[in-house]
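Student: generate a structure from the sequence data that follows.
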Amino acid sequence: PAILFLLVIGIVAGPISGWIDPDKLFGPLLFPGISLAVAVILFEGALNLRLKELGGLASVIRRMVSLGTISSWLILAVATHWIADFSWSMAILFGAVVVVSGPTVIGPVLRAARPNVRISNILMWESILIDPIGALLAVLVFEAIIAHHGSTGLNSAVEVFLKMLGAGVVLGFLVISSG
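Tutor: Model (predicted):
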């Protein structure tokens, strides 16, 4: 993919050769610029979605994005802990990071496998919707781990994560209900 070529150029031009220093070049705009670019990457896939393609598939996609994400995350975290011997916090973070199956992954698979239209639509919708959800999940888990860095138990990190998630849900509900 093109991203690999761009990554190699960026690594050579930046850290290896020192030709470009992003901190000097962009100054205080570096972090907001990167945040904006990430948002564009995460949400641009939604521009390709067509509601007419959804048909009667909304419940299937909703279950895949909700229950599928949670079950994949937990299974990946437990497997990573047991198989790779990661600490629980790192296993949970790894599970959150790899739960995403974005459109850049699913698109080529769909072109190669050529499933029927129904399956193709389900997988494409799921891959586009899971991208921002997975990114938010990974950030929430990371922040919960950082918030309890040095704490002794998994319970405190889970407690912080649930508090952050609850605050986000409440704030989101308030914004939606006020508009």
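Student: low pLDDT regions in this protein?
Tutor: Scanning the chain with the threshold set as pLDDT under 70 gives 1-3, 42, 44-46, 48, 53, 150-158, 160-161, 179.
Student: in it, which spans are helices?
Tutor: Counting by DSSP state H, residue ranges of the helices within the chain are 2-11, 22-26, 30-43, 51-54, 58-63, 69-84, 88-98, 103-113, 117-147, 154-178.
Student: deepest in the core, which of these is it.
Tutor: Counting by mean count of other Cβ atoms under 10 Å, helix 88-98 has the highest mean neighbour count of the helices of the chain, with a mean of 20. For every residue, glycine as well, the C-beta is placed using N, CA and C.
Student: what about R62, distance to L54?
Tutor: Between R62 and L54 the computed distance is 11 Å (Cβ to Cβ, to the nearest Å).
Student: A135 is in contact with G102, isn't it?
Tutor: No. Using Cβ atoms under 8 Å as the test, A135 is too far from G102 to be in contact (9.4 Å).
Student: now G168. Nearest residue, chain neighbours left out?
Tutor: The shortest distance from G168 to any non-neighbouring residue, by Cβ to Cβ, 6 or more residues apart in numbering, is to L140 (7.6 Å).
Student: how close does the one you found sit to A112?
Tutor: Counting by Cβ to Cβ, the gap from L140 to A112 is 33 Å.
Student: same deal with V170?
Tutor: If you go by Cβ to Cβ, the gap between V170 and A112 works out to 43 Å.
Student: again with F26
Tutor: In this structure, F26 and A112 are separated by 39 Å, where distance is defined by Cβ to Cβ.
Student: now do I133
Tutor: Distance of I133 to A112, given as Cβ to Cβ: 25 Å.
Student: and R114, backbone torsions?
Tutor: According to degrees, to the nearest 10, the main-chain angles of R114 amount to phi 50, psi 60.
Student: and it, how many residues sit next to it?
Tutor: Applying the criterion other Cβ atoms under 10 Å, we find 8 residues in the vicinity of R114.
Student: that one: what's it in contact with?
Tutor: Neighbouring residues of R114 by Cβ atoms under 8 Å, 6 or more residues apart in numbering: there are none.
Student: same deal with I176?
Tutor: Counting by Cβ under 8 Å, 6+ apart, I176 has no contacts.
Student: which non-adjacent residue is nearest V97?
Tutor: Taking Cβ to Cβ, 6+ apart, and ignoring the residues beside it in sequence, V97 has A138 as its nearest neighbour in space, at 4.8 Å.
Student: sounds good, over and out.
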